[in-house]
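>>> quick one, what's the 3D model for this:
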Amino acid sequence: MKVTLQEIRERTYKPVDAWWTVLLVDPLASRLVRLVAPYRWITPNVLTLLATVIGVGAMVFFAIGDRWALAAGAVLFHLSFVVDCMDGKIARLNGTGTIFGQWLDFVLDRVRVFFCAIALFGGQYVQTDNIAYLWVMAVAVFLDLFRYLNGQQMAKVRRVMREEIEALQPPVTDPAPAALAAEPVEQAAAGGTSSLRRRVGSTLRRNRIRTHLFSGIEYEMFVFIVGPLLGLVIPVTVVAGVGLLTFELFLILRLLRACQQHPAKLAAAEREFAAWQSEQATPSTPAGVPAPGMPAAGVPSTV
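Below is the predicted model of the structure:
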């Protein structure tokens, strides 16, 4: 049974994603997913392996290193990324994702990028005998690994802080107050959209584009696609590296601020939780029932 493009968008698209993925990958990947989805033997792991094979083709052309080979390598690298994005969509669409598949996808992604870097910059070194390509290769590989390792570690730190706060949240027994409490927040957010930054962010999110405009995805695409296509491997790699470091520094500063604010938030959550525990330990007096030691209404005191 074939699925529609609308179903694929609703069931497989991430709420927000990198702009390169949203604009240049998802439109093609969703149509390819529609073609292969009925064939259950095309699993996410099969697509991951296929993306790796296409990536090997990109490596071969990068290693050849002439003008047309660089362009062919760039096209194959992009196609490899498209197929790599398909595996996650197929997993969400058909429910065929596995924990091992997640590991396989991540490891082969890193392997593909590493050897593509060696082939691209090594091929240019052979072509030009310019040792600068080897230095840029070392920096490019380092930045790619730094981005993914740093991203995972930052996510881990934020998850730990969030779990510490959530552990002190009283259980919600009535969803109505929570819904009412959320309204002022939404109104405040809507009222703050007058600033240019908020308007831009709102527009990007409305189009599924995350505000982190230069992530590891854009970095790789500029190094392995834009640079080779333009024949400007070193200049584009340098610009991409600066863009990546700029956005990573911004994320690190945000994480630092969140870590500095966390003790105060944790202390406030602890006080609220202690107050809630105190309320639970003291039984409330039902309406119309006199408190201990007080006479009921209409009954004369014996004192």
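>>> every contact and neighbour count from this point should use C-alpha atoms.
Fine.
>>> pull the longest helix from the protein.
For the chain, the helix that runs over the most residues, judged by DSSP state H, is helix 233-281.
>>> from the chain's centroid, how far away is that helix?
Chain-centre distance of helix 233-281: 15 Å, with Cα atoms, centre = their mean, to the nearest Å.
>>> elements contacting it?
Where contact means 3 or more Cα pairs under 8 Å, 6 or more residues apart in numbering; DSSP states H and E, helix 233-281 is packed against helix 132-166, helix 216-221, helix 227-230.
>>> and it with helix 132-166, angle?
Per axes from the mean of the first three to the mean of the last three Cα atoms, to 10 degrees, the angle that helix 233-281 makes with helix 132-166 is 10 degrees.
>>> quick one: low-confidence parts of the protein?
1, 172-194, 283-303 (pLDDT under 70).
>>> if we use 90, what do you get?
Applying pLDDT under 90 to the chain flags residues 1-15, 17, 36-42, 88, 91-99, 101-102, 106, 148-152, 164-216, 265-303.
>>> list the contacts for residue 42?
residue 36 (Cα atoms under 8 Å, 6 or more residues apart in numbering).
>>> can you tell me the helix or strand for it?
Using DSSP states H and E, residue 42 sits within no helix or strand.
>>> mind checking how far it is from residue 148?
28 Å (Cα to Cα, to the nearest Å).
>>> only alpha carbons, please: show stretch 67-85 as CSV.
Extracted C-alpha coordinates of stretch 67-85, given in CSV (Å, rounded to 0.1, in the frame of the first residue of the first chain):
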residue,chain,number,x,y,z
ARG,A,67,37.7,19.7,-11.7
TRP,A,68,35.0,17.4,-13.0
ALA,A,69,35.9,14.7,-10.5
LEU,A,70,35.4,17.1,-7.7
ALA,A,71,31.9,18.1,-9.0
ALA,A,72,31.0,14.4,-9.4
GLY,A,73,32.2,13.7,-5.8
ALA,A,74,30.1,16.6,-4.5
VAL,A,75,27.0,15.3,-6.2
LEU,A,76,27.5,11.8,-4.9
PHE,A,77,28.2,13.1,-1.4
HIS,A,78,24.9,15.0,-1.5
LEU,A,79,23.1,11.9,-2.8
SER,A,80,24.7,9.8,0.0
PHE,A,81,23.4,12.3,2.5
VAL,A,82,19.9,12.1,1.0
VAL,A,83,19.8,8.3,1.3
ASP,A,84,21.2,8.6,4.8
CYS,A,85,18.3,10.8,5.7
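>>> just give the number of residues close to the residue nearest to residue 143 when sequence neighbours are not counted.
By the measure of Cα to Cα, 6 or more residues apart in numbering, the closest residue to residue 143 outside its immediate chain neighbours is residue 241, 7.2 Å from it. Look at residue 241: counted by other Cα atoms under 10 Å, it has 22 neighbours.
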